[in-house]
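1. Quick check, what structure comes out for this input:
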Amino acid sequence: MKTPQEVVSYMLSNDAFSKWMQIKLNTINLGTCELQTTIHADMLNGFEILHGGISYSLSDSALAFAANSYGFKCVSIESSISHLRPVKNGDILTAHAKEINRGKTIGVYEVTILNQDDKKVSHFKGTVHISQEIW
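-> Sure thing, here's the model as predicted:
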């Protein structure tokens with residue numbers, strides 16, 4: 001079975017959107033993940049703040065990597081996000097994913113995104129289906 005690092009490295013190698021977001025993997029362990037990105041101008045909406053889809057996507061990637069870290073292929077089946085404060089161009093975001101519960105076929109995860117000032121900018125909850133297919 002592949003290590004968490006091997007699984008995520010493979011996932012990232014085929015993930016054009018995470019590459020576009022310039023995601024950096026800080027840490028990966030069983031059921032947890034920390035990602036980081038710096039916000040750039042083409043991530044902003046008409047209010048000149050971060051488009052909600054970007055923080056959602058960063059959270060979704062952290063969820064995916066944390067859930068798949070065990071070596072079994074997982075896909076999200078439900079997720080939600082709360083945006084807590086605006087994010088500006090140049091801000092550095094760090095996503096912290098942690099496993100809340102993992103059963104045989106369902107896993108539940110939370111992802112908190114903090115800015116460079118350690119202020120919480122979003123809270124995400126996601127549920128994944130855990131398959132028996134090995135990476």
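2. all contacts plus neighbour counts: C-alpha atoms, from now on.
-> Noted.
3. who touches the closest residue to residue 76 other than its chain neighbours in this structure?
-> Among residues not flanking residue 76 along the chain, residue 128 sits closest, at 4.0 Å (C-alpha to C-alpha, 6 or more residues apart in numbering). Listed by C-alpha atoms under 8 Å, 6 or more residues apart in numbering, the contact partners of residue 128 are 67, 74, 75, 76, 77, 78, 106, 107, 108.
4. tell me which helix or strand of this structure sits lowest on mean pLDDT?
-> Lowest on mean pLDDT, DSSP states H and E among the helices and strands of the chain sits helix 16-20, with a mean of 94.
5. contacting residues around it?
-> The contact list for helix 16-20 (C-alpha under 8 Å, 6+ apart) reads 12, 58, 61.
6. Report the separation between the most centrally placed residue in the chain and residue 41.
-> For the chain, residue 62 is the residue whose C-alpha lies nearest the centre (C-alpha atoms, centre = their mean; 2.0 Å). Relative to residue 41, residue 62 is positioned 22 Å away (C-alpha to C-alpha, to the nearest Å).
7. in the lengthiest strand in the chain, what's buried?
-> When the chain is parsed with DSSP state E, its longest strand is strand 120-134. The neighbour-count check on strand 120-134 (16 or more other C-alpha atoms under 10 Å) flags 120, 121, 122, 123, 124, 125, 126, 127, 128, 129, 130 as buried.
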